[in-house]
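Chemist: Compute the structure for the input listed below.
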Amino acid sequence: MQPTIADVALEAQVSAITVSRVINSTGSVRPATRERVEAAIDKVGYVRNMLAGSLASASSRFIAVIVPSLSNIVFIEVISGLQSEFEKQGYQILLANTDYNLDRECQLVRTFLGWSPSAVVITGLRHNAACQRILEEWDGPIAEIMELGDAIDLNIGLDHRAAGRCMARYLLEKKHRNIVYVAAQIAQDYRAGLRYEGHKAELEAVGLNAPLFDMNHLGQFETGARSLDMVLADYPDATAIHFANDDLATGALLHAQRQGIRVPETIAIAGFNGLQIGQHVTPPLTTIISPRRTIGRATAEHVIARIEGRHLQNNQTDVGFEMSIGDSA
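Modeler: As a prediction, this is how the structure comes out:
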């Protein structure tokens with residue numbers, strides 16, 4: 001049951017009129033009272049209904065879609081899969097990105113839910129406490145995507161720890177024993193952290209260390225290029241680098257080519273995502289393919305089924321991943 005103004009008023013121990021004044025920024029409210037009301041709003045997970053009045057019971061025919069980035073091709077391909085399926089059923093998407101900021105994510109969720117969307121698609125399973133409460137209290141379909149785990153409602157994604165283990169196992173089979181994992185802002189891009197956990201577990205299982213090199217900027221070609229020089233300087237015995245994504249790995253490959261560093265003879269390079277660009281560099285990139293459009297299409301199909309009241313056999317869908325062996329590792 002979605003919280004109401006009355007629930008906020010009860011929590012804040014004020015009148016419903018006072019709560020309304022705070023929400024609508026009308027009338028005079030003492031700062032201490034305003035703070036108490038705002039704290040109560042966060043605590044009970046209240047969301048203002050922007051369709052109040054004659055449309056209060058209506059849902060608009062749009063799906064709120066929240067992703068971490070609109071410049072990353074990974075999420076663009078997911079959005080493409082979502083859009084193609086939603087439009088077939090007469091739904092449009094309302095899109096926003098969080099810039100990997102969970103507080104911004106919470107603000108976007110609160111804003112979107114205020115317009116009564118038919119459903120919400122949100123990237124990942126980690127939200128701040130206020131956002132988690134809001135989503136749990138909302139009574140519409142919610143799809144958390146890109147990874148697998150305990151979800152509020154629908155969950156479509158892949159096992160990132162298993163993907164990390166898969167690539168580490170491949171590198172071990174290629175006789176590498178000094179393997180460095182390179183990520184970029186792993187605290188924000190936490191799914192890269194999940195892959196590192198799998199990578200580390202696989203190496204430690206055979207008695208090897210699993211050094212982590214975390215760059216300051218999110219995965220870009222130049223960051224990958226810079227990281228190659230740093231890894232070779234700090235880990236001169238390294239024979240392979242397992243990059244958190246293909247952007248980093250491709251940047252490193254291009255830099256190695258410019259510097260005359262032989263890949264994979266001097267250093268093997270592997271990535272994650274299966275981006276097309278990784279197959280058009282020399283040598284072609286060894287990577288793991290994440291089925292982005294499949295995630296988008298499957299998510300849309302599950303959401304539409306939920307909107308239409310159709311039974312779903314399973315609320316969680318593992319789309320899997322695929323190893324793509326190039327010549328870089």
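
Chemist: From here on, just use CA atoms for contacts and neighbour counts.
Modeler: Noted.

Chemist: What residues of the worst-scoring helix or strand of the chain on mean pLDDT count as buried?
Modeler: Using mean pLDDT, DSSP states H and E, the weakest-scoring helix or strand in the chain turns out to be helix 16-24, at a mean of 75. For helix 16-24, the neighbour count (16 or more other C-alpha atoms under 10 Å) marks 16, 18-20, 22-23 as buried.

Chemist: Pull that helix out as CSV, backbone CA atoms only.
Modeler: Extracted C-alpha coordinates of helix 16-24, given in CSV (Å, rounded to 0.1, in the frame of the first residue of the first chain):
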residue,chain,number,x,y,z
ALA,A,16,-2.1,16.9,6.8
ILE,A,17,-2.4,20.6,5.8
THR,A,18,1.2,21.2,7.1
VAL,A,19,2.4,18.2,5.1
SER,A,20,0.7,19.6,2.0
ARG,A,21,2.3,23.0,2.5
VAL,A,22,5.7,21.4,2.6
ILE,A,23,5.2,19.2,-0.4
ASN,A,24,3.7,22.0,-2.5
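
Chemist: So which elements touch that helix?
Modeler: Packing contacts for helix 16-24, counted by 3 or more C-alpha pairs under 8 Å, 6 or more residues apart in numbering; DSSP states H and E, involve helix 5-12, helix 31-44.

Chemist: Tell me which residues of the helix or strand containing residue 304 come out buried.
Modeler: Per DSSP states H and E, residue 304 falls inside helix 292-307. For helix 292-307, a neighbour-count test (16+ other C-alpha under 10 Å) marks 292-300, 302-304, 306 as buried.

Chemist: Format those as a markdown table; extra columns: distance to residue 146 and pLDDT.
Modeler: Shown next, in a markdown table, are those (distance: C-alpha to C-alpha, whole Å; pLDDT from 0 to 100):
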| residue | distance to residue 146 | pLDDT |
| --- | --- | --- |
| 292 | 8 | 96 |
| 293 | 11 | 96 |
| 294 | 11 | 97 |
| 295 | 7 | 98 |
| 296 | 9 | 97 |
| 297 | 12 | 97 |
| 298 | 11 | 97 |
| 299 | 10 | 98 |
| 300 | 13 | 97 |
| 302 | 14 | 97 |
| 303 | 15 | 96 |
| 304 | 18 | 94 |
| 306 | 19 | 93 |
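
Chemist: And those residues, which is closest to residue 155?
Modeler: residue 299 (8.1 Å; C-alpha to C-alpha).

Chemist: ok, now which ones touch the closest one?
Modeler: Counting by C-alpha atoms under 8 Å, 6 or more residues apart in numbering, residue 299 touches 82, 143, 145, 156.

Chemist: What lies in contact with the helix or strand encompassing the second one?
Modeler: Just to be clear, that refers to residue 143. Using DSSP H and E, residue 143 falls within strand 142-147. Residues outside strand 142-147 that contact it (C-alpha under 8 Å, 6+ apart) are 119-125, 135, 151-160, 191, 295, 299, 303.

Chemist: quick one: strands adjacent to that strand?
Modeler: strand 119-123 (parallel), strand 154-158 (parallel) (DSSP bridges).
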